[in-house]
Each structure stands twice: as structure tokens, then as C-alpha cells.
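[1] build the 3D model from these lines:
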Amino acid sequence: ERPPDESDELALDRIQANLNLALEPFVDQELVKVTRTDRGIEVEMKSEMLFKSGSASLSRSAFTVLKDVAALVRSVPNKINVEGHTDNVPISTITFPSNWELSAARAASVV
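    As a prediction, the model looks like this:
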């Protein structure tokens, strides 16, 4: 991969600013965090705004937020990674034998 140049940095700055603006109500409530890392821009969403406890089904409000994010990043040529996480409360159901399966299912639901 080539190192980022100034135009890449400006594009990332613009995308980060647009994400912060679009997600401002959620950022203000500390439900969403938009940060720059060495990997690019990370959008971290608290699980309670996306899923009910122990579930991988997106809530209605999650669709609105994810639509806004998708609209902003759709035109970006960069790779987009989606990671799923859970809390440290163990789960053991037929559908989700462990937190690993739940986190993978949550990531798949977002995609």
C-alpha cells in the first residue's frame, strides 16, 4: 500500500466532519464515537442503540443511523471493516453458544 498523501488526509478530515455532523445527537449522548486512527476513521456505536441484550437483530432506530453512515461512506473508495462486539455477560443459547457467535452475528447484521 502507498502511504497516505495530503489529499487523502483532507478527504478523511471531510468524511470525519460529515460523520460527526450527521451523528451529532448520538455523539452528544455518548452513544456514538467518531475517531481517527492509524487505520482510518472508526465509528464506534454502543450496542444498546443497535441491539437488545442477547440479540443480533437490529432495532428500528439502528436502521436510521446505519443508513446515514452508509450514505456518507458509500462513495469512499477505502476498505470498510465492520466488527461486532458484546459485553462480558456470558451467553449460552441454542442460537448463540457463546459471546463470539453473538458478536459475529451482530457484525453480519450491520453489513
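[2] residue farthest from the centroid of the protein?
    What lies farthest from the middle of the chain is Ile94; by CA atoms, centre = their mean that is 26.4 Å.
[3] so is that one in a helix, a strand, or just coil?
    Secondary structure, DSSP: H, G, I helix; E, B strand; the rest coil: Ile94 is coil.
[4] same question, Val82
    Under the three-state scheme (three-state DSSP), Val82 adopts coil.
[5] burial of it, as a residue count?
    For Val82, the neighbour count with other CB atoms under 10 Å is 11. (C-beta placed from N, C-alpha, C; glycine too.)
[6] that one against Ala104, yeah?
    No - because the distance of 10.6 Å does not satisfy CB atoms under 8 Å, Val82 is recorded as not touching Ala104.
[7] show me where pLDDT drops low in the protein?
    Low-confidence segments of the chain (pLDDT under 70): 1-6.
[8] for it, what's the longest helix?
    Longest helix in the chain by number of residues (criterion: DSSP state H): helix 6-22.
[9] give the buried residues for the helix or strand just after it.
    Counting by DSSP states H and E, the next helix or strand C-terminal to helix 6-22 is helix 24-28. For helix 24-28, burial by neighbour count (16 or more other CB atoms under 10 Å) applies to Phe26, Val27.
[10] neighbouring strands of the following helix or strand past helix 24-28 in the sheet, and parallel or not?
    Going down the chain from helix 24-28, the next helix or strand is strand 32-37, by DSSP H and E. Looking at strand 32-37 with DSSP bridges, its partner strands are strand 40-45 (antiparallel).
[11] in the partner strand, what counts as buried?
    Gly40, Ile41, Val43, Met45.
[12] with distance to Val73 as extra columns, can I get the residues you listed in a markdown table?
    Output for the buried residues of strand 40-45, formatted as a markdown table (distance: CB to CB, whole Å):
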| residue | distance to Val73 |
| --- | --- |
| Gly40 | 10 |
| Ile41 | 8 |
| Val43 | 9 |
| Met45 | 14 |
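[13] nearest residue to Leu19 other than its sequence neighbours?
    Nearest non-adjacent residue to Leu19, counting by CB to CB, 6 or more residues apart in numbering: Val34, 4.8 Å away.
[14] since that was my last question, I'll sign off now.
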